[in-house]
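**Student:** Provided below are the primary sequence and the corresponding predicted coordinates.
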Amino acid sequence: MGLCISLLLSSPPKTASTNNLSNRTEFWSTTTTLGTTNSTAGPRSQFSEAASEYAGGIVGDSGLILESPNLKVYSFADLTTATKNFRPDSMLGQGGFGKVYRGWIDSKTLAPSKAGSGMSAAIKRLNSESVQGFAEWRSEVNFLGMLAHPNLVKLLGYCREDKELLLVYEFMPKGSLESHLFRRKEPFPWELRIKIVLGAARGLAFLHGLQREVIYRDFKASNILLDSNFDAKLSDFGLAKLGPSQEKSHVTTRIMGTFGYAAPEYMATGHLYVKSDVYAFGVVLLEVMTGQRAYNKKRPKGQENLVEWLTPELKRKHRVNHIMDQAIKGQYSSKVVAEMGRITLSCVAPDPKNRPHMKEVVDVLERIQCINVVTDRSSTKTTVASSSRSSPHHYQYSYRAGAAGRNREGGRLESLE
Ligand SMILES: Nc1ncnc2c1ncn2[C@@H]1O[C@H](COP(=O)(O)OP(=O)(O)OP(=O)(O)O)[C@@H](O)[C@H]1O
């Protein structure tokens, strides 16, 4: 789990009483009162605010706000069956708040099925002892249960039984961007890197474009999951927050996130802006350009934090080419590199006001993708000849259960319970 920091700016959420939730309606009504100290006079949970503001409506950009969450309620026994008793060899990986297993469910009813029949699902079993685990579980159900977009991972259902908290997601067969960038021998092709960051940018733009913005708060390469077509979907809404109400520019919250990705203003003050997500997006752009992790304490002094290390290079246009991942040299043109350098530099601007909106980032990346394709076509021979191993057409995907483990370099920032 890496380094933990205790920076509590507000008291931890109250743990709701444990009860078996048997149907969606019951959950919905229970959820809207969770976090409410007094149902008439007390502060409302961020979700109950969202529910009223989102009340039924289709939003643009192929995203949807559902009128009520369409989630299946599982019993613990269901999910024990679906994962063959949480067998260690079905574990896909482990995050800060629990283990993720591959399980099997019926593709129509979503009921648990025998291994190998129906469709795969990813089943996250949260550490039930942790108060923060409950808060993350609740946030995930609340946000992902209501929002639907091609670049957000689908939450299919959940289980809450005694101390057990589980989440059932669509299975993302190609793992995470982090696993492709940093855990494999073959270099990850540039064309796929661009496709993935563009998809992730669309997901963030959708969240930021909602009437009441959603701040994702944990944008990083390991939270960008990939479907069979390498389309990116954001997962892990455990830390997501509703953006500030109209008259405010930020929300104040305890400092949580991951070293290397958290924006400087958030680290310094606990003030969280929509633009704090844009900073984290810039960090991922820099990882994609360089093939280097956001934070690596094994790098020489002064180079541990990728943004601090490479911002001076991004500012000197002629230097940007030098920071690019040499393993995929020949797959990107100098024009593409210059554009990537520019947008990355503006995303990681120290002052949130100087960072672009995600909509603008999407426009720029779409342009970059176009130039990239044109360049690819005009220099196919060079590209294939110089890096045939890493051309997207030759890129071999081999999935191994358990291969997608945690990024141990990127220590998570989190409050202590
Ligand atoms: N829907 C999914 N399909 C396939 N694999 C998944 C899915 N969800 C999560 N995983 C895998 O399970 C692992 C753990 O995921 P999880 O979201 O719990 O933590 P994380 O993002 O790696 O870490 P952190 O706690 O810092 O957020 C990851 O390596 C991820 O690749």
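**Tutor:** Thanks, I have it.
**Student:** got the residues of the stretch 201-350 of the chain near the ligand?
**Tutor:** With Cβ under 6 Å from any ligand atom as the criterion, the stretch 201-350 of the chain meets the ligand at residues 222-223, 225, 235-236, 258. Using the backbone N, CA and C atoms, a C-beta is placed for each residue, glycine as well.
**Student:** ChimeraX command to pick out the buried ones of the residues you listed?
**Tutor:** Selection of buried members from those for ChimeraX, criterion 16 or more other Cβ atoms under 10 Å:
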select :222,223,225,235,236,258
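**Student:** want to throw the residues of the stretch 201-350 of the chain next to the ligand into CSV with distance to Tyr158?
**Tutor:** Output for those, formatted as CSV (distance: Cβ to Cβ, whole Å):
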residue, distance to Tyr158
Ser222, 22
Asn223, 19
Leu225, 18
Ser235, 14
Asp236, 14
Thr258, 24
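**Student:** out of the residues of the stretch 201-350 of the chain next to the ligand, who's nearest Phe143?
**Tutor:** Distances from Phe143 to those, taken as Cβ to Cβ, are shortest for Asp236 (10.2 Å).
**Student:** how far away is Val373 from the ligand?
**Tutor:** When Cβ to the nearest ligand atom, to the nearest Å is the yardstick, Val373 and the ligand sit 28 Å from each other.
**Student:** what residues are up against that residue?
**Tutor:** Val373 makes contact with Glu191 under the criterion Cβ atoms under 8 Å, 6 or more residues apart in numbering.
**Student:** how near is it to Leu166?
**Tutor:** Shown here: Val373 relative to Leu166, a distance of 42 Å by Cβ to Cβ, to the nearest Å.
**Student:** what about the nearest residue to Arg319 once chain neighbours are set aside, how many neighbours?
**Tutor:** Spatial nearest neighbour of Arg319, chain neighbours left out: Glu313 (4.4 Å); criterion: Cβ to Cβ, 6 or more residues apart in numbering. By the criterion of other Cβ atoms under 10 Å, Glu313 has 17 neighbours.
**Student:** scan the protein for its longest helix.
**Tutor:** What stands out as the longest helix in the chain, according to DSSP state H, is helix 358-378.
**Student:** give me the mean pLDDT for that helix.
**Tutor:** Mean per-residue pLDDT for helix 358-378: 85.
**Student:** how long is stretch 158-178 end to end?
**Tutor:** End-to-end distance of stretch 158-178: 26 Å, with Cα to Cα, to the nearest Å as the criterion.
**Student:** quick revisit: pull out the buried residues from the longest helix of the chain.
**Tutor:** Neighbour-count burial for helix 358-378 flags 358, 360-362, 364-365, 368-369, 372, 375-376 (criterion: 16+ other Cβ under 10 Å).
**Student:** quick one: is stretch 97-111 near the ligand?
**Tutor:** Yes - for stretch 97-111, a contact with the ligand is found by Cβ under 6 Å from any ligand atom, at 97, 100.
**Student:** what's that stretch in contact with?
**Tutor:** For stretch 97-111, contacts defined as Cβ under 8 Å, 6+ apart pick out 72, 78-79, 82-84, 86-87, 90-94, 112-127, 130, 132-133, 136-137, 156-157, 168, 171, 238, 401.
**Student:** tell me what the residue in the stretch 1-150 of the chain that the ligand sits nearest to is bridged to.
**Tutor:** Relative to the ligand, the nearest point of the stretch 1-150 of the chain is Gly95 (2.1 Å; Cβ to the nearest ligand atom). Beta bridges link Gly95 to Gly98 when assigned by DSSP bridges.
**Student:** with the one 10 residues further on instead?
**Tutor:** Following DSSP bridges, Ile105 is listed with bridge partners Pro112, Met119.
**Student:** how many residues are close by it?
**Tutor:** Residues near Ile105, counting by other Cβ under 10 Å: 26.
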